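Trainee: let me see the structure of the following:
(chains A and B)
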Amino acid sequence: MAKHHVSTVINGEPVEFLCEPQQTLLDVLRDELNLTGSKEGCSSGDCGACTVICDGRIVCSCLMLGAEAEGRKITTVEGIAQGDHLHPVQQKFLEHAALQCGFCTPGFIVAAKALLDENLNPTEEETRYWLAGNLCRCTGYDKIIRAVLDAAAVMRAEAGR
Amino acid sequence: MSFLDKASLRVVGTRPIRPDGVDKVTGRANFGADMTMPGMLWGKIKRSPHAHARILSINAEKALALPGVRAVTTRADFPDIPPDKRVVGAMPHNLWDLSRNCMAEGKALYEGHAVAAVAATTPAIAEQALDLIEVEYEVLPHVMEVEAAMRPEAPVLHDDLFTAGVEPRPTKPSNVAKMVRFAKGDVEAGFRAADIVIERRYTTKPVHQGYIEPHACVVSVAPDGQCTIWSSSQGQFMVRAYTSRIAGAEDSASIRAIPAEIGGGFGGKTIVYLEPVAYMLSKKSGRPVKIVMSREEVFRGTGPTSGAVVEVKLGASKDGHITAAKTVLKYQSGAFPGSPVQQGCICALAPYDLPNAETTGYDVLSNRPKVAAYRAPGAPIGSFAVESCIDELARALGIDPLRLREINGARDGTKAAHGPTWNNIGLMKTLEAAQASEHLKTRLGPNQGRGIACGFWHNAGGESSAACHVNEDGTVSLTEGHPDIGGSRASMAMMVAEVLGIAFERVRPVVGDTTAIGYSASTGGSRVTFAGGMAVTTAAQKVVEELKKRAAITWDISPDAVEWRDGKAFPAGANAGSFEPLSLAEIAGKAARTGGPISAEVQINAQGQAPGFTTHVCDVEVDRETGHVKILRYTAIQDVGRAIHPSYVEGQMQGGVAQGVGWALNEEYIYDKDGRLENPGFLDYRVPVASDMPMIDTILIELPNPRHPFGARGCGEVPIVPPMAAVANAISDALGIRLRDLPMSPPRVLAALDREMPLPQAAE
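Mentor: Numbers count the residues shown, from 1 in each chain, chains lettered A, B, ... in the order given. Sure, this is the predicted structure:
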């Protein structure tokens, strides 16, 4: 079976890879590119642990083929911090103890970052519905929601709004 | 040294950022499936499509002929385990059962039971090879439900299983593995003395732990038998012990088990499924083998907790004193014995002072996956029944449910139905705090209701090791033996920093592999903060003694004349001499001149764990059109002894509540008539999502455990005990309808509304 040659941009860097037609973007990220921050919890788009941002939209990378990354811009959890500067969502997850086992955390970080890219002033309800595609079995969501709302407040202050 | 006085603490009780936090928010942390090894193969497991079937033959010729396939393993490769070798140390599992659960022997006992496995160069080839393994089955009658499985005519899973705990020993094999019973007082006299007796039957469904990380491991066996296991589990020593016996490894020392980060366990990762299989494939292929379960395999092949039928009979006087309680608990164990029915029996009645009580429990096999521990194993099931029945009793008596619990609740001096006399317990304080809470002062609207429930869990101690190494710059490397499942690195480092008198950030904790630290029992039972905490505290105290000795050598005075405070050695009083204090960093920097490296490693078998009691308050609103139950507000109140890192204690409470809400409202396994699971995924097995939950308020009661240096009791498990009854009681309060079968999903709520059609509740 011939492999596809794919040119894409991941976390701001041009990337080329070869993948089999049936390989998902998640398979490629984890098994071909060693970007294991995106997690596989279900491979059916129900848990959100593999959430990435593709051309500005969040997608479950287990539901997208590797070949479909051609010409796109992908952001994974590895691309959320800028160098040693954590994104406010990451910082607030730490301060609020919004993670226990940490397995779902990459998906939540990516999804929450995408929410705040779009809406710097989400309500609690909007935040809960935005993150309803990400399962966490440890925290009961309380501290996650608080962390995201607090990160939004920090970003609003930084943006002078 | 005691640290029970909260006012004296600098570090414990604060909320620092966990040491492993940055790794986990940036994607650096390595979980079970994140490891690769050079030359690694991919393993996959072939599973039975039948709920109960004799395996007549397995033919792997075609699979082995597929290019890229390097090994196939079946039961024939696994050693038998003789009866005298089926138990290792204090570990709770029967190895022969575990072995046959990892790879079916003779019969497939549930849909999803492993029957063969393959290793190949790519996951796709391995998947293809599974289809080429030919298994011939003779399908047998199967049985799924607990009471059906108890009947004499039921299909029997194991013809060598005879009910334990009954005299005389039965002559016929059955699916009832064990009967347990305990009693206090004269229960029949208690019922005769009662003004009111109510008798109810409740049922629960098996529910899965639902950890988001599927089981995963990489195993490499070298030709000389030396083996490295990288896997996600609740105990690397458990993995080593079970894998070595099940796979027939040389000995425990031949295996180095490295704990990966663990993506949730909740008890479900206290046993092995994959490691012995990967071991066998690696041994046969000569290559490292990685196996990662799919979510579907997690549902079909790994343990949920028991589904159950629980009968409760309560008698009480008109003024609300319970005169007698009788319970019968029938728990599913799945395909092998070992349901947590005994804990269910004990925990359900533990919150009450009962003059007369009798409990009987049955551990019952059926053609379902072998159950695995799930958070406070067994307790939530029995407690759902008893706490619901207490609520029914309160309503029948016209007494406030919280008040009824105050009247009958266990206090210091109460002799529990299962034997011990309580001392230093916090149940009453949780009830008082509930009564005083803001939550109880809020008014409810139409179709809204409020439920109260209590809960109990023993907490646990046991074997733990810890090593505390002082580095040359005065920082401290802490090695512990317990996988960190929810922030325990932080609490361990905090206790060490407190003892040493240094900043939290100066202590760097790691979870050691089986060659790096002494034996430590698994993370579970709410034992790590208690037992692990005792181990790290003792290690740090030994380091302090050594630091004092080194200061004494430097000053040429007796070690008794040195005292340690605020991270420094001081001469103890004027008679000791006049010296400038020496900091930990100063002593560490000169360690070579005063006797060499400064370290302490301790091994303990921790005793003195103290019980955890809790009270939960839940408000719901029921949509009469759809049957949907919305959780409006939730407050969990718990005696935690001492909250080492309060955020992670609150997190345990909130997480337990959310799991309990899922158990109450949504989660269940749906099987077809052939015993095949119809909802093996998160779309149809619906765990709570963020939009299902409100914020979860927590009230921490801190009644210190005097047997722990900091007063910790353990906190992780009891929060899952009350939610099902709290929700059921709230629904009953809202509708005037009692739901006694879980889950209380919209179809069930609608059916109950249709059946009972009460008059619409008048708005207040």
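Trainee: for the host helix or strand of A:Val148, output the C-alpha coordinates as CSV.
Mentor: Element membership of A:Val148 [criterion: DSSP states H and E] is helix A:142-158. Below are the C-alpha coordinates for helix A:142-158, written out as CSV (Å, rounded to 0.1, in the frame of the first residue of the first chain):
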residue,chain,number,x,y,z
ASP,A,142,-15.4,22.1,39.0
LYS,A,143,-11.8,23.2,39.1
ILE,A,144,-11.4,22.9,35.3
ILE,A,145,-14.3,25.4,34.8
ARG,A,146,-12.9,27.7,37.4
ALA,A,147,-9.4,27.6,35.8
VAL,A,148,-10.8,28.5,32.4
LEU,A,149,-12.9,31.3,33.7
ASP,A,150,-9.9,32.6,35.6
ALA,A,151,-7.6,32.4,32.5
ALA,A,152,-10.2,34.4,30.6
ALA,A,153,-10.1,37.1,33.3
VAL,A,154,-6.3,37.2,33.0
MET,A,155,-6.4,37.4,29.3
ARG,A,156,-9.0,40.2,29.4
ALA,A,157,-6.8,42.1,31.8
GLU,A,158,-3.8,41.6,29.5
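Trainee: counting contacts, what elements does that helix pack onto?
Mentor: Other helices and strands packing on helix A:142-158, by 3 or more C-beta pairs under 8 Å, 6 or more residues apart in numbering or on different chains; DSSP states H and E, are helix A:88-95, helix A:105-118, helix A:124-130, helix B:646-665. Just so you know, the C-beta spots here come from the backbone N, C-alpha and C atoms, and that holds for glycine as well.
Trainee: what angle separates the longest one from helix A:88-95?
Mentor: Put plainly, it is helix B:646-665. Using axes from the mean of the first three to the mean of the last three C-alpha atoms, to 10 degrees, the inter-axis angle of helix B:646-665 relative to helix A:88-95 is 100 degrees.
Trainee: just checking: what are the partner strands of the following helix or strand past helix B:646-665?
Mentor: As assigned by DSSP H and E, the chain's next helix or strand after helix B:646-665 is strand B:696-701. Its sheet considered, strand B:696-701 pairs with strand B:629-639 (parallel) by DSSP bridges.
Trainee: distance between the strand it pairs with and the chain's centre?
Mentor: 21 Å (C-alpha atoms, centre = their mean, to the nearest Å).
Trainee: what do you get for stretch B:614-629?
Mentor: With C-alpha atoms, centre = their mean as the basis, the mean position of stretch B:614-629 lies at 26 Å from the chain mean.
Trainee: please apply the same query to stretch B:199-217.
Mentor: The chain centre lies 11 Å from the centre of stretch B:199-217; the measure is C-alpha atoms, centre = their mean.
Trainee: what average pLDDT does that stretch get?
Mentor: For stretch B:199-217, mean pLDDT rounds to 98.
Trainee: that stretch: end-to-end distance?
Mentor: Terminal residues of stretch B:199-217 lie 48 Å apart, using C-alpha to C-alpha, to the nearest Å.
Trainee: re the thing from before, most neighbours per residue, which of the helices and strands packed on helix A:142-158?
Mentor: Ranked by mean neighbour count, the helices and strands packed on helix A:142-158 are led by helix B:646-665 with a mean of 27 (mean count of other C-beta atoms under 10 Å in any protein chain shown).
Trainee: that helix packs against which elements?
Mentor: Against helix B:646-665 (3+ C-beta pairs under 8 Å, 6+ apart) you get helix A:142-158, strand B:629-639, strand B:696-701, helix B:723-735.
Trainee: the residue of the stretch 201-350 of chain B found nearest chain A: what secondary structure?
Mentor: Proximity of the stretch 201-350 of chain B to chain A (C-beta to the nearest C-beta) peaks at B:Gly263, 2.8 Å away. Secondary structure for B:Gly263, judged by DSSP: H, G, I helix; E, B strand; the rest coil, is coil.
Trainee: quick check: phi and psi on the closest residue to it other than its chain neighbours?
Mentor: With sequence-adjacent residues excluded and distances taken as C-beta to C-beta, 6 or more residues apart in numbering or on different chains, B:Gly263 is closest to B:Glu213, at 2.4 Å. Backbone geometry at B:Glu213, expressed as degrees, to the nearest 10, gives phi -90, psi 120.
Trainee: in chain B, where is pLDDT below threshold?
Mentor: Low-confidence segments of chain B (pLDDT under 70): B:1, B:758-764.
Trainee: longest single helix anywhere in it?
Mentor: Ordering each helix of chain B by length in residues (DSSP state H) puts helix B:533-555 first.
Trainee: quick check: residues of the stretch 601-750 of chain B near chain A?
Mentor: B:645, B:647-648, B:650-652, B:654-659, B:681-683, B:687-691, B:693, B:695-696 (C-beta under 8 Å from any C-beta of the partner chain).
Trainee: just want the most central residue of chain A.
Mentor: Nearest to the mean C-alpha position of chain A, counting by C-alpha atoms, centre = their mean, stands A:Val110 at 2.6 Å.
Trainee: give the contact list for that one.
Mentor: A:Val110 makes contacts with A:51-53, A:58, A:75-77, A:80, as judged by C-beta atoms under 8 Å, 6 or more residues apart in numbering or on different chains.
Trainee: same thing with A:Ala98?
Mentor: With C-beta under 8 Å, 6+ apart, A:Ala98 has these contacts: A:92, A:105, A:108, A:139, A:143-144, A:146-147.
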